[in-house]
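J.: Output the structure for:
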Amino acid sequence: MALKRPKGAGGRFVVVEHDSSILKGNPLGDPHLRKLGVWLPPQYDEARGRSRGRRFPVLYDFAGFTGTGLAHANWKPFGENVPERAARLVHEGKMGPAIIVFPDCFTALGGNQYINSSAIGDYADYLTRELIPFVDREFRTLPHREHRGCFGKSSGGYGAIVHGMKYAKYWGAIADHSGDAHFDFVYWHDWPNTLDTLAQHRAARRKAGPYDVRREARYKGAAAGFDDGRIKRFLAQVWTKEKLSSAEVHCIMNLAMAASYDPDPKAPLGFRVPFNLETGEAIAARWAQWRRHDPIRLVERYQGNLKSLRGIYLDCGWRDQYQIHYGMRILSKRLAEAGIRHTYEEFDDDHSDIDYRMDASLPYLYRALKP
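T.: The predicted structure follows:
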């Protein structure tokens, strides 16, 4: 959209606070009092007159890594934020009115994967056991899983497909835009850069000369994926900064993934990493923990839940710079092999600025969830 020309009523965006018992005392010390954005379609207020008490399907927007729900309601100069996009789609008759919820699941590690982790917090439980009942009490939703869906991009897309797998009793349909999948491609190739960034925080400054690699490789449990102190020092530094470099963002992202996929309460910082911090050697047992969370490896286990969904929408750009299109293709293949109905689309773009794909997913979800 080159010029913003909104047409029709824009609905109403409200922000409420929710005090979470589940997030209280979380390992990172993140706030348990969270702001929750909720978009109400124009018909929500109209219903006070003609159709008092009308209820609506509800969609939950899972933000991507470094994002949060309220950011999706920010003004955009040449495009639409999510409430504006939904209002236009409703006005154009491409979807019916639905409530959209924007949770805040940001963490000190830059986000999370919408799953439970002893190193980050129980964000799956926060969403399903606290936010869903709260929203259903406070707003006129259709309070049944058949009329409730979730969607997201990247980490949010991962959260959506995993919730469809593990928490299907709460969701009737999901949409996964470029969600993390096929971890051997998506994450593996960036770990050398992460190791280089962490190397700047070694305990001892490097000096030219002899190097005892066998000793260094065993230092403070590095061979078992334990932090030797450099991760702690890296985090302490970035937590003092307002502007992170690209290398730092990708480094903290990989650490957030480690905390999500391989938490260990006995490890320093509560999680392990899948590579030896000094030699870069893969630690097979640790990488196996990551692969257990890979959507392409979860389809068979959760095929019953997936088949119970009223809709599964997947898409990805075929130029995705994180190679997620390969994971999405494998995921679609696994779903098809298991006889799970779904829609998978590809488009000529990369991983960035693809909110326009919601023009396809939001109407899809509404059709699947409408009463």
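J.: Tell me where the protein has strands.
T.: 12-19, 33-40, 58-62, 99-102, 116-117, 121-122, 148-153, 173-177, 311-317, 343-347 (DSSP state E).
J.: I'd like those strands laid out as JSON lines, including distance to Ala204.
T.: Heads up, the C-betas are built off the backbone N, CA and C, glycines and all. Formatted as JSON lines, these follow (distance: least, Cβ to Cβ, whole Å):
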{"stretch": "strand 12-19", "distance to Ala204": "45"}
{"stretch": "strand 33-40", "distance to Ala204": "41"}
{"stretch": "strand 58-62", "distance to Ala204": "42"}
{"stretch": "strand 99-102", "distance to Ala204": "46"}
{"stretch": "strand 116-117", "distance to Ala204": "31"}
{"stretch": "strand 121-122", "distance to Ala204": "34"}
{"stretch": "strand 148-153", "distance to Ala204": "41"}
{"stretch": "strand 173-177", "distance to Ala204": "44"}
{"stretch": "strand 311-317", "distance to Ala204": "43"}
{"stretch": "strand 343-347", "distance to Ala204": "48"}
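J.: For the protein, give me the ranges with low pLDDT.
T.: The chain contains residues with pLDDT under 70 at 1-6, 47-51, 217-218.
J.: all helices of it, in order?
T.: Assigned by DSSP state H, the helices in the chain fall at 42-46, 82-91, 123-125, 132-138, 155-166, 183-186, 191-199, 213-218, 230-238, 246-261, 284-291, 303-308, 324-337, 358-369.
J.: can the ones you listed go into JSON lines with extra columns for distance to Pro97?
T.: JSON lines is the format used below for those (distance: least, Cβ to Cβ, whole Å):
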{"stretch": "helix 42-46", "distance to Pro97": "4"}
{"stretch": "helix 82-91", "distance to Pro97": "6"}
{"stretch": "helix 123-125", "distance to Pro97": "28"}
{"stretch": "helix 132-138", "distance to Pro97": "16"}
{"stretch": "helix 155-166", "distance to Pro97": "21"}
{"stretch": "helix 183-186", "distance to Pro97": "36"}
{"stretch": "helix 191-199", "distance to Pro97": "44"}
{"stretch": "helix 213-218", "distance to Pro97": "59"}
{"stretch": "helix 230-238", "distance to Pro97": "42"}
{"stretch": "helix 246-261", "distance to Pro97": "35"}
{"stretch": "helix 284-291", "distance to Pro97": "40"}
{"stretch": "helix 303-308", "distance to Pro97": "25"}
{"stretch": "helix 324-337", "distance to Pro97": "30"}
{"stretch": "helix 358-369", "distance to Pro97": "9"}
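J.: rewinding a little: how about the strands of the chain in JSON lines, adding distance to Asp262 and mean neighbour count?
T.: Formatted as JSON lines, the entries for the strands of the chain read as follows, by distance: least, Cβ to Cβ, whole Å; neighbours: other Cβ atoms under 10 Å:
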{"stretch": "strand 12-19", "distance to Asp262": "29", "mean neighbour count": "13"}
{"stretch": "strand 33-40", "distance to Asp262": "26", "mean neighbour count": "20"}
{"stretch": "strand 58-62", "distance to Asp262": "21", "mean neighbour count": "28"}
{"stretch": "strand 99-102", "distance to Asp262": "29", "mean neighbour count": "24"}
{"stretch": "strand 116-117", "distance to Asp262": "9", "mean neighbour count": "20"}
{"stretch": "strand 121-122", "distance to Asp262": "16", "mean neighbour count": "22"}
{"stretch": "strand 148-153", "distance to Asp262": "22", "mean neighbour count": "28"}
{"stretch": "strand 173-177", "distance to Asp262": "23", "mean neighbour count": "31"}
{"stretch": "strand 311-317", "distance to Asp262": "25", "mean neighbour count": "24"}
{"stretch": "strand 343-347", "distance to Asp262": "29", "mean neighbour count": "15"}
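J.: Go through the ones you listed and name the closest to Gly164.
T.: Gly164 lies closest, by Cβ to Cβ, to one member of the strands of the chain: strand 173-177, at 4.0 Å.
J.: Specify the angle between the closest one and strand 343-347 in degrees.
T.: Counting by axes from the mean of the first three to the mean of the last three Cα atoms, to 10 degrees, strand 173-177 lies at 20 degrees to strand 343-347.
J.: how many degrees apart are strand 173-177 and helix 324-337 in direction?
T.: Taking the same axes, to 10 degrees, one finds strand 173-177 and helix 324-337 inclined to each other by 150 degrees.
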